[in-house]
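Student: Sequence plus predicted model, see below.
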Amino acid sequence: KAVETALRVQNAQPFNLHAACNLALFYADIGDAERAAQQLTRLDALEDIEPEDMHKVALTYCELGEHDSAYRWFLRIVAMQPYDTRILHFAGLAAYNCGLHAEAAAHFARILRIDPKNSLAAYYSAKAENAKAGGPAKELEYVYQVQFDEIKRRIKYLNDCLKHKNGSFEQKWGEDAYFK
């Protein structure tokens, strides 16, 4: 039914990028790579669109795991909105997932120049620098937060700290670099 609805919209409005994005995702989800590719070709042909619409296209590529295409779209947005830290964040994630760790580190460093206290950018900057130096570089999820495995690790650490009944939690909270 979702495919039918999106096709109706696309038939009425052939250049409706939301319909094309949704159809690309729907077709990919049901395993119809050819039709998904047709929708992506439609999207790549779009010109003179607003940054918000470019973001929709870029995120569609992210969802499909098409990191190179996502990165190209994010770079177009960065050229138009060079101080948008959210766009820089997603450009950094896409660069990282393309294996362009130096470029990813540069995007996160740029965020830190704009907002030196941005802990999210500091987290991803460290990941990119580590990968750039040859460390592990597993694919990152396109989220505007720390990765889910890191969330779990932090919750476990916090729970382990809370288990100490002798007041050491307050000391850790004040002194442990992990809580800074």
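Tutor: Yes, it's here.
Student: pLDDT weak spots in the chain?
Tutor: 165-169, 172-173, 177-180 (pLDDT under 70).
Student: and with 90 instead?
Tutor: Applying pLDDT under 90 to the chain picks out residues 1-4, 10-11, 14-16, 46-48, 135-137, 145-180.
Student: three-state assignment of the most centrally placed residue in it?
Tutor: The centre of the chain sits closest to Tyr142, judged by Cα atoms, centre = their mean, with a distance of 2.8 Å. On the three-state scheme (DSSP: H, G, I helix; E, B strand; the rest coil), Tyr142 is labelled coil.
Student: Tell me if I'm right that it and Thr60 touch.
Tutor: No. Using Cβ atoms under 8 Å, Tyr142 is not in contact with Thr60; the gap is 10.9 Å. In this view, the C-beta of every residue, glycine as well, is placed from N, C-alpha and C.
Student: still on that earlier bit, the nearest residue to the residue nearest to the centre of the chain once chain neighbours are set aside - how many residues pack around it?
Tutor: In space, Tyr142 comes closest to Cys62 once its chain neighbours are excluded; the distance is 4.3 Å by Cβ to Cβ, 6 or more residues apart in numbering. A total of 21 residues lie near Cys62 under the criterion other Cβ atoms under 10 Å.
Student: cool, and Gly174?
Tutor: By the criterion of other Cβ under 10 Å, Gly174 has 9 neighbours.
Student: again, but for His164
Tutor: Around His164 there are 12 residues (other Cβ under 10 Å).
Student: sorry, back to before: give me phi/psi at the residue nearest to the centre of the chain?
Tutor: Tyr142 adopts backbone torsions of phi -90, psi 80, taken as degrees, to the nearest 10.
Student: From Ala133, how far off is it?
Tutor: According to Cβ to Cβ, to the nearest Å, Tyr142 stands 23 Å off from Ala133.
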